[in-house]
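Student: Predicted model and sequence below, questions to follow.
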Amino acid sequence: MMLIKYSLAFTSLALFTGCATLSDPAKEPVEQAQQAGCFVKENDLHVFLDDEHTFILADKQQKKALIEAFKHDTARQANLLSSEISNKTALRSALGLFKQLPLLPSKTCYADRYLYLRFRQTQANLRQLESKDVVNARYAEAKKTIAKLQEQIDALTEIEQAITRQREEH
């Protein structure tokens, strides 16, 4: 008898709620709170990707215009400048802008995490360019040293040849 009452209660509850699934109210506020802590709205992630795509395909004038258009939007401007992987000035500017952003690179803040990864990649790109500059400077210095040594060798060779000629003449 008791089983029939519970079955009827459950059936009527199921009919009243329809096909909707019951959500866990304890879980929803946590997700909303984590979402609220994100600097960038999750829906804006596609905006950063679209900006970057447009920037990569743009010519110099268009790139300047895009950067100027976003001069009051630190996150978007940092994202664009970080795309200039061979321009140290742009990368330094991007790093400065990224450092101003209170990014929360957690699993729930995808856009923040994307920008944080762009920040880290920009740091790596800048280190790589600076390392390349050091290597190029050392290479240039080595070439200068080799050229000076070659001049000295040539001068010594001329002196040796002059001494040899003088001996042969006497």
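Tutor: Done, it's in. Numbers count the residues shown, from 1 in each chain.

Student: what's the neighbour count on Cys109?
Tutor: 22 (other C-beta atoms under 10 Å). For every residue, glycine as well, the C-beta is placed using N, CA and C.

Student: Test my guess that it contacts Cys38.
Tutor: Yes. With contacts defined as C-beta atoms under 8 Å, Cys109 counts as touching Cys38 at a distance of 3.7 Å.

Student: just checking, what's the longest helix in this protein?
Tutor: Longest helix of the chain, by residue count under DSSP state H: helix 110-169.

Student: Now that helix: average pLDDT?
Tutor: Per-residue pLDDT over helix 110-169 has a mean of 92.

Student: Skip the chain neighbours and tell me the closest residue to the residue positioned nearest the centre of the chain.
Tutor: Averaging the C-alpha coordinates of the chain gives a centre point, and the residue nearest to it by C-alpha atoms, centre = their mean is Arg118 (2.4 Å). Here the nearest residue to Arg118 in space, its sequence neighbours aside, is Ser82; by C-beta to C-beta, 6 or more residues apart in numbering that works out to 5.0 Å.

Student: Let's see stretch 113-127 as CSV, backbone CA atoms only.
Tutor: What follows is the C-alpha trace of stretch 113-127 in CSV, where atoms were taken according to Å, rounded to 0.1, in the frame of the first residue of the first chain:
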residue,chain,number,x,y,z
ARG,A,113,42.6,31.7,-20.1
TYR,A,114,43.0,32.4,-23.8
LEU,A,115,44.3,35.9,-23.1
TYR,A,116,46.6,34.5,-20.4
LEU,A,117,48.0,32.0,-22.9
ARG,A,118,48.5,34.8,-25.4
PHE,A,119,50.3,36.7,-22.7
ARG,A,120,52.6,33.7,-22.0
GLN,A,121,53.2,33.1,-25.7
THR,A,122,54.0,36.8,-26.1
GLN,A,123,56.6,36.5,-23.3
ALA,A,124,58.1,33.5,-25.0
ASN,A,125,58.2,35.2,-28.5
LEU,A,126,59.9,38.3,-27.0
ARG,A,127,62.5,36.1,-25.2
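
Student: Which positions within it qualify as buried?
Tutor: Of the residues in stretch 113-127, those buried by neighbour count under the rule 16 or more other C-beta atoms under 10 Å are 113-116, 118-119, 122, 125-126.

Student: for stretch 71-78, same thing?
Tutor: Neighbour counts over stretch 71-78 (16+ other C-beta under 10 Å) mark 75-78 as buried.

Student: Okay, and which of the residues you listed map to helices?
Tutor: 75-78.

Student: Just the closest of those residues to Ala94, please.
Tutor: Distance ranking of those against Ala94, using C-beta to C-beta, places Ala78 first at 4.9 Å.

Student: Alright, that wraps it up for me.
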